[in-house]
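Enquirer: From the sequence below, what's the structure:
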Amino acid sequence: DDSGGYLLRQVPEVEGGLVAMDPHTGRVLALVGGFSYAESEFNRATQAMRQPGSSFKPIVYSAALDNGYTPASVIMDGPITIQTGNTTWTPKNYDGRTAGPATLRSGIERSRNLMTVRLANDMGMKLVAEYAERFGVYDHLAPYLPMALGSGETTVMRMVSAYSIMANGGKSIKPTLIDRIQDRYGKTG
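Expert: Below is the predicted model:
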């Protein structure tokens, strides 16, 4: 450029999405759908279906807290094997370790997979699916235990909206991107 400096730009091989929203008003403060709209019109924040993974666990814990569990309730953080028909599923914690009996609070703090699966199994996935739909994460969550660990697919926008409900004391807020539309003379349409 004119200052004698250089600009280096490398097109990324992997793209992502981001949504920053005020949880009390629903005002979207920032939304990034990808690196370049000219390269791809696909919006990774609102259109890309991705597994939420462990970010889904607070939905499971919300269902538990609404249905008789407390932060001090004790759940076993130990090995579990689920048998469904001819299929066997043995989930593990991320670090591969177990902690034995632990409180609900420590389970969410440490993002323990085994505790979350056991909790969802105890409550029933039908209840977890109902909460997932009430939070707006999914329209119809299949009632399978791996879904409790976020193995379903949803969008970044839906997850941000669900988290805003928690931050807003349980009140659902609809995300807004546009406040008003004006013509060139400033007249609101």
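Enquirer: From the rest of the structure, what touches the helix or strand of the chain with the lowest mean pLDDT?
Expert: Here the helix or strand of the chain ranked lowest by mean pLDDT, DSSP states H and E is strand 82-84, holding a mean of 90. Residues outside strand 82-84 that contact it (C-beta atoms under 8 Å, 6 or more residues apart in numbering) are 88-91, 117, 121, 145. In this view, the C-beta of every residue, glycine as well, is placed from N, C-alpha and C.
Enquirer: next one: stretch 93-104
Expert: 61, 64-65, 69-79, 106, 110-115, 119.
Enquirer: Which PyMOL command selects the buried ones in these?
Expert: In PyMOL, a selection of the buried entries from those looks like this (16 or more other C-beta atoms under 10 Å):
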select buried, resi 61+64+69+75+77+111+112+113+114+115+119
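Enquirer: contacting residues around M147?
Expert: With C-beta under 8 Å, 6+ apart as the criterion, the residues that contact M147 are 56, 125, 128-129, 132, 141.
Enquirer: Give me the secondary structure label for it.
Expert: The local conformation at M147, judged by DSSP: H, G, I helix; E, B strand; the rest coil, is helix.
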